[in-house]
Structure formats: C-alpha cells, structure tokens
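1. here is the input, now give the coordinates:
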Amino acid sequence: MAQRTGKAQRTGAAWWLLVPYVLFLAVLPLVNRVVPTVAGLPFLFFWMLLATLLTPVAVWLAHRGGLRRARSQAPGPADERGRG
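-> Residues are numbered from 1 along each chain as shown. Here you go, the predicted model:
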C-alpha cells in the first residue's frame, strides 16, 4: 500500500473538523422539527445535544490524526546519533 504524503495526512485529519459544521449548520434545515420527540425532547433540541456531544469526539480524532502525522515525521534514534 502506498504511503500518504504529509499533506494528504494533514488533510485527512482536518476532515474531522468539518463534522461540527455539518452537524450544527448544514443539517439544521433538515432537523428543524418539533413533532418527533426523542427521550422527551423535541427533535431539534435532541439534535443539538447530540451535535454538542459529538463535537469533542471529532476534534479529538483530528488531533489524533495530527499526532500520528507528527510521529511519522519525527527523526528516529539513528538520525539523532549523527547530530551533535
């Protein structure tokens, strides 16, 4: 399997940051309903609660992708021995 470049990995991790935008703004016209209730809440309130809980998860996934990219670009022990 081909290795992804640093830019491709950075872009892949950044896609997770679009999740809050989609949950809060892009889908809002579709979920702006009162009639169906979930757990006793109007659907819009339930959707906002769900989006609020999923936003930190999406940010954590983007952060984890950034850390993975940083680890893959870090110099190994052989590289550090030659420096000095």
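2. mean confidence (pLDDT) on the top helix by length along the chain, please.
-> Of all segments of type helix in the chain, defined using DSSP state H, the longest is helix 43-73. Taken as a whole, helix 43-73 carries a mean pLDDT of 84.
3. quick one: buried residues of it?
-> Along helix 43-73, the positions that meet the burial threshold by neighbour count (16 or more other CB atoms under 10 Å) are 46-48, 51, 55, 58, 62, 65, 69. Where C-beta positions appear, they are placed from N, C-alpha and C, glycine not excepted.
4. pick out whichever of the residues you listed sits closest to residue 14.
-> Distance to residue 14 across the buried residues of helix 43-73 (CB to CB) is lowest for residue 62, with 6.3 Å.
5. which residues touch the nearest residue to the closest one once chain neighbours are set aside?
-> Closest residue to residue 62 in three dimensions, ignoring its sequence neighbours and counting by CB to CB, 6 or more residues apart in numbering: residue 16, at 3.9 Å. With contact taken as CB atoms under 8 Å, 6 or more residues apart in numbering, residue 16 is in contact with 58-59, 61-62, 65.
6. could you dump these into JSON lines and include distance to residue 40?
-> Formatted as JSON lines, the entries for the contacts of residue 16 read as follows, by distance: CB to CB, whole Å:
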{"residue": "58", "distance to residue 40": "26"}
{"residue": "59", "distance to residue 40": "29"}
{"residue": "61", "distance to residue 40": "30"}
{"residue": "62", "distance to residue 40": "33"}
{"residue": "65", "distance to residue 40": "37"}
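7. list just the nearest of these to residue 41.
-> Distance from residue 41 was checked for each of the contacts of residue 16 by CB to CB. The minimum falls on residue 58, at 21.9 Å.
8. residue contacts, the closest one?
-> Residues in contact with residue 58 (CB under 8 Å, 6+ apart) are 16-17, 19-20.
9. please pick the buried ones from these.
-> By the neighbour-count criterion of 16+ other CB under 10 Å, the contacts of residue 58 include these buried positions: 16, 19-20.
10. as CSV, the residues you listed with distance to residue 39, pLDDT and secondary structure would be great.
-> Compiled in CSV, those are given as follows (distance: CB to CB, whole Å; pLDDT from 0 to 100; DSSP: H, G, I helix; E, B strand; the rest coil):
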residue, distance to residue 39, pLDDT, secondary structure
16, 27, 85, helix
19, 22, 87, helix
20, 22, 89, helix
